[in-house]
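S.K.: Prediction below, plus the sequence it came from.
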Amino acid sequence: MSQSPGPSPAGGRPAFRIERWLCGPVTVMSLIGAFNQPAAGRVYPLLVQALIARVPPYLVLDLRRITELTLCTCLMLLLVERHAREAGGRLVVVCDRKELAWAGGVARAGTIEQALAELAARDRDHRLGLLRHKRSRTAGQQAGIPVSGAPPASRAGAPAWRPTPPPPG
């Protein structure tokens with residue numbers, strides 16, 4: 001999916017454009033042109049949509065073709081990275097711009113392929129962790145071990161499990 005370019009500004013610089021597509025579990029967005037405050041207003045809803053579309057969210061932002069990067073947009077990238085991380089996901093920025101040198105928390109890659117490889121490995125590890133957790137829960141339930149605070153299965157002649165009442169007071 002790609003957004004068409006807007007009208008070219010009077011200064012003759014190319015208009016800001018966003019190209020967006022999915023690559024497996026990863027949303028890739030290429031930003032082209034001046035990534036300034038007006039552009040941030042167009043990008044932000046798409047970033048929010050990418051963050052909530054998948055759990056955990058994996059997002060690649062290609063900034064190699066931007067002509068301007070402002071403090072406002074850098075701060076927005078830090079917020080997006082924080083939200084992705086808190087949801088168990090990851091943001092990887094593809095760029096070599098010096099403006100992002102201060103943003104130590106934002107992962108960077110030299111190419112989209114490198115970013116996709118990093119996120120594919122992360123997604124594989126996440127899925128394997130979920131599978132192991134599911135298998136250990138299933139094995140525990142089959143062995144009669146309580147899982148996640150569930151009461152033990154009642155045995156023949158044994159009284160059913162009852163929670164202990166709280167102490168009076």
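M.R.: That came in fine, so what should we check first? Numbering: from 1, shown residues only.
S.K.: Count the residues that sit near residue 65.
M.R.: For residue 65, the tally of surrounding residues (other Cβ atoms under 10 Å) stands at 14. C-beta: built from backbone N, CA, C; applies to glycine.
S.K.: Need the three-state assignment for it.
M.R.: Three states are possible here, and by DSSP: H, G, I helix; E, B strand; the rest coil the one that applies to residue 65 is strand.
S.K.: In this structure it contacts residue 34, no?
M.R.: No. Residue 65 is not in contact with residue 34 according to Cβ atoms under 8 Å; the separation is 10.8 Å.
S.K.: For the lengthiest helix in the chain, which residues meet the burial criterion?
M.R.: The helix that spans the most residues within the chain, counting by DSSP state H, is helix 112-142. Residues of helix 112-142 classed as buried: 112, 115-116, 118-119, 122-123, 126 (neighbour count, 16 or more other Cβ atoms under 10 Å).
S.K.: Next: stretch 92-106.
M.R.: Buried residues in stretch 92-106, counted by 16+ other Cβ under 10 Å: 92-95, 99-100, 106.
S.K.: Also stretch 73-84?
M.R.: For stretch 73-84, the neighbour count (16+ other Cβ under 10 Å) marks 73-74, 76-78, 80-81, 83-84 as buried.
S.K.: What helices and strands are in contact with the helix-or-strand element of the chain with minimal mean pLDDT?
M.R.: Within the chain, no helix or strand scores below helix 112-142, which has a mean of 78 by mean pLDDT, DSSP states H and E. Contacts defined by 3 or more Cβ pairs under 8 Å, 6 or more residues apart in numbering; DSSP states H and E place helix 112-142 against strand 26-35, strand 58-69, strand 90-94, strand 107-109.
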